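Enquirer: The sequence and its predicted three-dimensional model are supplied below.
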Amino acid sequence: MKRFFLLSIGIFITVALWGINVSQAAHQETIRITCWEGYADKAFIDDFKHMVKEKYKIDVEVKPSYATGQEDFYNAAKNGTADLISPPADLAKTPRFDFFKNGSVLLTPLNMKSIPNASHMLPFFKADKSLKMKGKRFGLPYNCGPYGLAYNTDAVKATPASWNIFWDPQYTGKYTINNNFHKVNIWITALALGYKYEDLFNIDRLDRNKIQPRLNELVMGAKSLWDGEANPDEFPQLSLATTWGFAVVKANMKGGNWKLATPKEGGSAWIDYWCITHAAKGIKKKLCEEWINLQLSPKYQAAVVKQQGVSPVINNVGDLVTAEEKVLFNVGNNDYFKTVAIWQVMSEKTEKAFGEMWEEAKKLRK
């Protein structure tokens with residue numbers, strides 16, 4: 001009898017300890033994020049972890065990995081190495097990637113009830129269909145910014161009025177342009193030559209023989225070509241730069257005096273999304289939706305302006321940004337986003353042609 005009693009106590013303790021271990025395991029999660037640098041910094045992560053702990057009693061670890069090109073988002077989704085990604089809107093349906101191939105959808109639809117802050121998106125972004133399929137949303141806009149023309153007010157006294165300033169001989173070797181999103185350089189070259197928005201995304205509407213020599217000049221005259229984000233440490237040596245906006249903010253934090261110009265020819269603009277990959281299931285998917293909801297809150301949409309130097313997608317940022325920032329970054333200005341060429345999905349023919357044109361231009365730098 002005593003032996004049976006001791007055996008029972010032993011079983012009880014074992015089960016109790018097993019239950020504790022199960023409980024602990026059930027209250028820990030890891031969220032893996034592949035995003036652009038600055039989209040998941042320590043302050044964002046700390047707030048998210050605190051919110052999850054308070055709301056769900058879960059200890060969540062967030063592991064960010066920073067992308068340098070579009071392939072990083074595709075590979076993270078395809079291989080299931082990330083739960084959240086922040087790709088540009090056009091990426092998911094670009095033929096060489098295609099996140100929605102039959103039988104192989106790489107993203108998971110969002111439960112919009114879990115993301116109430118989405119109700120404050122500007123109409124322009126609510127209407128965007130880049131990540132909509134069969135009535136379901138597979139991602140939500142997070143921010144929007146131009147491939148911008150930045151200038152150093154210490155070196156360039158008058159605000160540049162045209163993209164053609166990059167071909168002004170006095171600025172040879174004094175500017176930087178993007179490398180790994182080469183299409184943007186073909187677009188600004190085309191705009192400088194007088195092409196319109198409707199021409200930019202279709203090689204059949206562009207005269208390749210006319211654009212190539214000018215593209216060659218643009219590349220040869222650049223001091224550097226940047227991947228991912230322009231290098232703000234290089235900015236003191238420059239007069240001009242192309243940028244998503246981030247580098248200007250960082251350069252000015254280091255004492256620079258950089259501003260963004262508005263070329264008369266117009267420009268292109270991207271929309272970055274938050275998407276949940278097929279790897280996130282159950283409570284992990286729920287936590288990913290909480291991340292997106294937090295990123296669409298007024299506090300973090302204001303951070304889009306102050307830390308990234310680009311436009312938020314919601315209409316309730318209020319006084320969390322200054323009056324000057326509201327004007328400069330078109331905060332809450334729904335009509336502005338109708339005036340820029342939002343990146344579009346291009347045909348394989350156009351993608352191939354642009355790639356060939358860029359490689360031909362870069363050969364001249366060797």
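Expert: Yes, it's here.
Enquirer: hey, let's count contacts and neighbours off CA atoms from now on
Expert: Fine.
Enquirer: So what touches stretch 345-359?
Expert: Counting contacts by C-alpha atoms under 8 Å, 6 or more residues apart in numbering, the residues outside stretch 345-359 that touch it are 90-91, 93-96, 182-183, 186, 201-204, 212, 215.
Enquirer: Apply 7 Å and report the result again.
Expert: Residues outside stretch 345-359 that contact it (C-alpha atoms under 7 Å, 6 or more residues apart in numbering) are 90, 93-95, 182-183, 201-203, 212.
Enquirer: Could you check which helix or strand contains the residue minimising distance to the centre of the chain?
Expert: Note on the chain: the residue nearest the mean C-alpha position is Asp272, at 4.0 Å, using C-alpha atoms, centre = their mean. Of the helices and strands defined by DSSP states H and E, Asp272 is found in strand 268-276.
Enquirer: mean confidence for that strand?
Expert: Strand 268-276 comes out with an average pLDDT of 96.
Enquirer: buried set for it?
Expert: In terms of neighbour count (16 or more other C-alpha atoms under 10 Å), strand 268-276 has its buried residues at 268-276.
Enquirer: same question, stretch 78-87
Expert: If you call a residue buried by 16+ other C-alpha under 10 Å, then stretch 78-87 has these buried ones: 78, 80-87.
Enquirer: Tell me which entries of the residues you listed lie within helices.
Expert: For these, the ones inside helices are Lys78, with DSSP state H as the criterion.
Enquirer: Redo the buried residues of stretch 78-87 as JSON lines? Include pLDDT and distance to Gln237.
Expert: Putting the buried residues of stretch 78-87 into JSON lines (pLDDT from 0 to 100; distance: C-alpha to C-alpha, whole Å) gives the following:
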{"residue": "Lys78", "pLDDT": "95", "distance to Gln237": "40"}
{"residue": "Gly80", "pLDDT": "96", "distance to Gln237": "41"}
{"residue": "Thr81", "pLDDT": "97", "distance to Gln237": "39"}
{"residue": "Ala82", "pLDDT": "98", "distance to Gln237": "37"}
{"residue": "Asp83", "pLDDT": "98", "distance to Gln237": "39"}
{"residue": "Leu84", "pLDDT": "98", "distance to Gln237": "37"}
{"residue": "Ile85", "pLDDT": "98", "distance to Gln237": "34"}
{"residue": "Ser86", "pLDDT": "97", "distance to Gln237": "31"}
{"residue": "Pro87", "pLDDT": "96", "distance to Gln237": "31"}
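Enquirer: Double-check that Thr30 belongs to a helix.
Expert: No. Counting by DSSP: H, G, I helix; E, B strand; the rest coil, Thr30 falls outside a helix, being strand.
Enquirer: For it, grab the count of nearby residues.
Expert: When neighbours are counted by other C-alpha atoms under 10 Å, Thr30 registers 13.
Enquirer: Quick check: the nearest residue to it once chain neighbours are set aside vs Tyr147, distance?
Expert: Once flanking residues are discounted, Thr30 sits nearest to Glu61: 4.6 Å by C-alpha to C-alpha, 6 or more residues apart in numbering. Taking C-alpha to C-alpha, to the nearest Å as the measure, Glu61 and Tyr147 are separated by 33 Å.
Enquirer: Kindly report the same for Thr339.
Expert: If you go by C-alpha to C-alpha, the gap between Thr339 and Tyr147 works out to 14 Å.
Enquirer: Between those two, point out the one with more neighbours.
Expert: When neighbours are counted by other C-alpha under 10 Å, Tyr147 comes out ahead of the other of Thr339 and Tyr147, with 19 against 13.
Enquirer: okay, now the nearest residue to that one once chain neighbours are set aside: neighbour count?
Expert: Of all residues beyond its chain neighbours, the one nearest Tyr147 is Trp244 (5.2 Å), with distances taken as C-alpha to C-alpha, 6+ apart. Under the neighbour criterion other C-alpha under 10 Å, Trp244 is assigned a count of 23.
Enquirer: Point to the helix or strand of this protein where mean pLDDT is at its lowest.
Expert: Within the chain, no helix or strand scores below helix 2-26, which has a mean of 45 by mean pLDDT, DSSP states H and E.
Enquirer: Show me the helices in the stretch 101-250 of the chain, by range?
Expert: Listed from the start of the chain, the stretch 101-250 of the chain has helices (DSSP state H, counting those that start in this stretch) covering 123-127, 183-192, 208-220, 246-253.
Enquirer: Comparing those, which stretch has the densest surroundings?
Expert: Looking across the helices of the stretch 101-250 of the chain with neighbours counted as mean count of other C-alpha atoms under 10 Å, the highest average goes to helix 183-192: a mean of 23.
Enquirer: Only alpha carbons, please: show that helix as CSV.
Expert: What follows is helix 183-192 as a C-alpha-only set of coordinates in CSV (Å, rounded to 0.1, in the frame of the first residue of the first chain):
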residue,chain,number,x,y,z
LYS,A,183,14.4,49.9,-62.9
VAL,A,184,14.1,53.2,-61.0
ASN,A,185,17.1,54.6,-62.9
ILE,A,186,15.6,53.7,-66.2
TRP,A,187,12.4,55.4,-65.1
ILE,A,188,14.1,58.7,-64.1
THR,A,189,16.1,58.7,-67.3
ALA,A,190,12.9,58.2,-69.3
LEU,A,191,11.2,61.0,-67.4
ALA,A,192,14.2,63.3,-68.0
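Enquirer: what separates it from the chain centre, distance-wise?
Expert: If you compare the mean C-alpha spot of helix 183-192 with that of the full chain, they lie 20 Å apart, counting by C-alpha atoms, centre = their mean, to the nearest Å.
Enquirer: tell me the angle that helix makes with strand 268-276.
Expert: Orientation of helix 183-192 against strand 268-276 (axes from the mean of the first three to the mean of the last three C-alpha atoms, to 10 degrees) gives an angle of 150 degrees.
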